[in-house]
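>>> Structure of the sequence below:
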Amino acid sequence: MSEPALKTNKGPKWKHVVIVEQPVNVRGKNEGDPHVRCVYCDLAFRGGATRICNHLLGGIGISLCPAIPADAKAALAEQHKIQELEGTKKRRLIQIDQELQRSNSDPSSFPLTASSSQPRQSSLQASFAKFCQVVSVMMV
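Purely as a prediction, here's the structure:
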């Protein structure tokens, strides 16, 4: 490889590529996805972490790397799975937080007791109701 490699601290997926060129705007700030080269098969492409994973693990829009070692592929796949799970947990926590904020602004939208005249509680509402009951028992 004749081009000088640019250093990066972007994350573990970037260990599998070398940044060949980082587009820069007129102010000298990084702009857009960098041009990278796979360290295993020397394929040059432009893209970020998602495109790197698509190349190394298989995905849409780019050829699968034919030369990635099995241990590196397994480690990357495991790491990718963990990050997806963490993202799912984070999205769920954000959703719960938004629902709680909505319920705090309108108490009638978050009933603590169920009755036949009220609609059935969502699992989040039921969990929150149970939490409130536990807290009230603890405070007595």
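>>> drop to CA atoms for contacts and neighbour counts, all remaining ones
OK.
>>> how about the nearest residue to Ile19, chain neighbours excluded?
Distance criterion CA to CA, 6 or more residues apart in numbering; nearest residue to Ile19, sequence neighbours excluded, is Val36 at 4.3 Å.
>>> Confirm the one you found sits in a strand?
Yes: assessed by DSSP: H, G, I helix; E, B strand; the rest coil, Val36 belongs to a strand.
>>> By residue count, what's the longest helix in this structure?
Of all the elements of type helix in the chain, the one with the most residues (DSSP state H) is helix 70-105.
>>> what comes up buried for that one?
Of the residues in helix 70-105, those with enough neighbours to count as buried (16 or more other CA atoms under 10 Å) are 73, 76, 80, 100.
>>> Contacts only, for the first one.
The reference is to Lys73. Counting by CA atoms under 8 Å, 6 or more residues apart in numbering, Lys73 touches 56-57.
>>> ok, it to Leu124 distance?
Going from Lys73 to Leu124 by CA to CA, to the nearest Å gives 38 Å.
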